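Peer 1: sharing a model that was predicted from the sequence below.
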Amino acid sequence: MTTNREGSAATWEVVTARDVKVPMRDGVRLATDLYLPARSGRPSAGPWPALLLRTPYNKAGNAAAGEYYARRGYIFACQDVRGRYASEGDFHAFIGEERDGYDAVEWLAAQDGCDGRIGTLGASYCAAAQSALACLAPPHLGAMAVQFGPSSYFHSSMRHNGALELRFMVYAFSVASTSHEAAANPGLRQVLEEACRRVWDYLELGPIRRGATPLALLPHYEQWALDLQNHVLYDDFWRQPGFGPRDHYDSHADVPTLYIGGWYDTYTRGTLENAVAMRRRQRWPVHVVVGPWHHGGAGLREAGDCWFDASAAVDMEALRLRWFDQWLKGIDTGLATAAPVRWFAMGGPGRPEAPLPRRGLLWRAGSWCEAESWPPPECRPTPFYLHGDGRLDDAPPGPDEERCSTYTYDPRQPVPTIGGNLSAMPLAAGGFDQRTDERFTPGRAGVPLASRPDVLVFQTAPLAAPLTLAGPVRARLFVSSDAPDTDFTAKLVEVLPASPECPGGAAVNLTESIARLRFREGYDHEVPYSPGQVVELSFELFPTAVRIEPGHALRVDISSSNYPRFDRNRNSAEPLGTGRTWRLANNSLHHSSEYASCLELPVLPGRGG
C-alpha cells in the first residue's frame, strides 16, 4: 500500500465520450458522459477504478467533477437518470432508481479500461440514488460517498412526523418545467416556468387537486406530487428503495461508505441514521462527517446569517478523493485509521480572524470534534423541563406551578419559517435571528417571533458555565386542544447576548421539528383525538452539535406551525390531502408535576458541559 495523505495527483489528461447510451434491463437507454484518463489525446488503457454519479439535473453540469477525477486516475461516469435530459424513458422521481443504478454499476465495471471497482458519489437526489442501488448490492460496487441523503423520505424528508414538507411540492413544479415535454414544447415550458414563479400561490390554497394546477399538463408529474401528498401513512409506496434505505439496511451493500451531512441540511437526521445503522451491520468501514453546512453550502463556513471558524470550510472533492483513493486504489490517505465520526460543534470561544464579510452576519466560531460512535459515548440525554413561568431548566415542575399554557393557532396566520433545514424552495437555509425578515416575510421585518401570542417561549438563565450538546434531540410534550386534530412544533434556539457585531443580541435557530396529533401512536395508522384530552406527543427534532458559552442562554419555542417549511394543519381532522375547511384551535401545552413537558437534550459532560 502506498501513502499519500492528500490523495492522487492531477497528472493525466482527459478525453470525454458524451451521450453514451447505456442499456437498462428493460431496454431503455440512459445517456452517460464518460471522462477518461488520457495521454496525448488518447484514453489510457488503465485499468482504472470508476466513479458513477447519477443525476436528474443534467449530467452536463458535472463536467468539472468529471475532469477533476479523470485527471487523478479515475474513469468518471455521469448519467442522466431515466426520463431526464438526454436519457430515454419516463421520469418518476426516486422510483426505480435501485434497478437502473444496479445496471449502470455493472455496465461500467465491464467497460474496457475499468478495473471492475466502482465507487458512487453525489448529493441530495444523487445521494438517494446511490443508497437505492446499494440496497440491491451490485457485485462491483466498491465504495460510496453519500452526501446529504435520506434514510426515509417519509419520516424526515418528504413527510415529517406526519406533516408534509412543502419543498417537495415546490420540487414537483420545478422538475416539471425542465421535463422532456417542456424541452420539446416552448409554449408548455413557458406555462410551467410561470407556474414555478407562482408556486406559492398554488400551495397557499392548500392541498393540490388533480387537474387544478399546471402539473395536470404532465399527468405523471402530477401523480407523483399527489402521491407524496396523499400517501399519509407509512405504506409500501414509501418503502421503495428510492425513498431511502431504512427498510433495506439488511440487504444494503457492505462497502466502505462515507456519509456527509450538515447541521442545517434537510437530511441531517437521515445522514446520521444511515451512518449509525450501517456501522452496526457492516464489516467494511463506515465514516460520517457533519459540518455546519446547509443543503446548498456544503463545505462553506457561512450558513444563513451564521459565520463559522475558518476550519468549517472543507474541500469536498478533496475529501471524497481521499476516501476513494483509500478504498478503491489502496493509497493510504489516513482515513483507514481516522476516527469514524467527525463533527463540527457550532459556537464556543474565539474571535474571527478578520472582519466579517458582510453586515448582518453572526459570529458563531466552532471547532471540529471526533469520536468512535454517534452519539458520542459520553452523551447523556438530559431532560430540560418547560415551566409555567417561562423557565427552561433540568428541574421537573413542582406541584404549585402553573399547570398549562394555552394559545390560539390560526392556520391562516401561521408562524413563518425563518431559515433552518431548507432546500428546493426559494428560501434561505441556515441559522438566522428568529424575527420577521424581508427574505422570509416580505413587507414585515424586525419583530421577534417570540412576540407572537401563538409562540410559547421557555428560556434558561444566562449560563454560568459552558454547555456542550451533540446528538439527537427529542421533544416529550403533554398537550391538549379543543380541535379534533392539530400540530405542535418545537424549536431549539441559542440566545446570543449583545455584542459589537450584534448590539441587540440574537436568537439563533439550532434545530426544529413538528408532529401531527393524529399520528401520536405511530405512522402506520391514524388515531382519532378527543378534544380536551391530555396526550403525550413525543417526536424527534434534527440532531445538532453546539457549545453554548457562558452568558448565552438556551430557548425552546413551542407553537403549531412553521410555514412554508411544513404544510399547515387545518385543525379539522378531514382526510389529509383533501381538506377544504379551516378552523381555529386553542392549543395547550401542559407543564405540571403530573404532565412534565420537556426537551431531551444530548449533553456532553466531558466537553464543557
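Peer 2: That came in fine, so what should we check first? Residues are numbered from 1 along each chain as shown.
Peer 1: was I right about residue 263 contacting residue 295?
Peer 2: No: using C-beta atoms under 8 Å, residue 263 makes no contact with residue 295, being 11.3 Å away. In short, each C-beta sits where N, CA and C put it, glycine included.
Peer 1: more neighbours: which of these two?
Peer 2: Ranked by neighbour count (other C-beta atoms under 10 Å), residue 263 and residue 295 place residue 263 first, with 27 against 23.
Peer 1: where does the closest residue to the more buried one other than its chain neighbours land in three-state SS?
Peer 2: Nearest-residue entry for residue 263: residue 292, 5.3 Å, with adjacent residues in sequence omitted and distances by C-beta to C-beta, 6 or more residues apart in numbering. Here residue 292 is recorded as strand under DSSP: H, G, I helix; E, B strand; the rest coil.
Peer 1: and for residue 292, the neighbour number?
Peer 2: 30.
Peer 1: cool, residue 194 as well?
Peer 2: Around residue 194 there are 12 residues (other C-beta under 10 Å).
Peer 1: and stretch 314-331, end to end?
Peer 2: Terminal residues of stretch 314-331 are spaced 21 Å apart (C-alpha to C-alpha, to the nearest Å).
Peer 1: so how far is it from its chain's centroid?
Peer 2: When distances are taken as C-alpha atoms, centre = their mean, to the nearest Å, stretch 314-331 is centred 23 Å away from the chain's centroid.
Peer 1: stretch 469-488 now?
Peer 2: That offset, for stretch 469-488, works out to 21 Å (C-alpha atoms, centre = their mean).
Peer 1: cool, and stretch 339-351?
Peer 2: Distance, stretch centre to chain centre, for stretch 339-351: 19 Å (C-alpha atoms, centre = their mean).
Peer 1: what residues sit buried inside it?
Peer 2: 340-341, 343-348 (16 or more other C-beta atoms under 10 Å).
Peer 1: state the mean pLDDT of stretch 283-298.
Peer 2: For stretch 283-298, the mean pLDDT works out to 98.
Peer 1: export only the CA atoms of stretch 44-61, formatted as PDB.
Peer 2: C-alpha atoms of stretch 44-61 as PDB (Å, rounded to 0.1, in the frame of the first residue of the first chain):
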ATOM      1  CA  SER A  44      -5.100   5.300 -21.200                       C
ATOM      2  CA  ALA A  45      -5.500   1.600 -21.100                       C
ATOM      3  CA  GLY A  46      -5.500   1.700 -17.400                       C
ATOM      4  CA  PRO A  47      -7.100  -0.300 -15.800                       C
ATOM      5  CA  TRP A  48      -8.700   2.300 -13.600                       C
ATOM      6  CA  PRO A  49     -11.400   2.300 -10.900                       C
ATOM      7  CA  ALA A  50     -14.500   4.100 -12.000                       C
ATOM      8  CA  LEU A  51     -16.800   6.600 -10.200                       C
ATOM      9  CA  LEU A  52     -20.500   6.900 -11.000                       C
ATOM     10  CA  LEU A  53     -22.800   9.900 -10.500                       C
ATOM     11  CA  ARG A  54     -26.500   9.600 -11.500                       C
ATOM     12  CA  THR A  55     -28.400  12.800 -11.700                       C
ATOM     13  CA  PRO A  56     -31.800  14.300 -12.700                       C
ATOM     14  CA  TYR A  57     -30.300  17.700 -13.100                       C
ATOM     15  CA  ASN A  58     -28.400  17.400 -16.400                       C
ATOM     16  CA  LYS A  59     -25.200  15.500 -16.500                       C
ATOM     17  CA  ALA A  60     -23.500  18.300 -18.400                       C
ATOM     18  CA  GLY A  61     -23.400  20.300 -15.200                       C
END
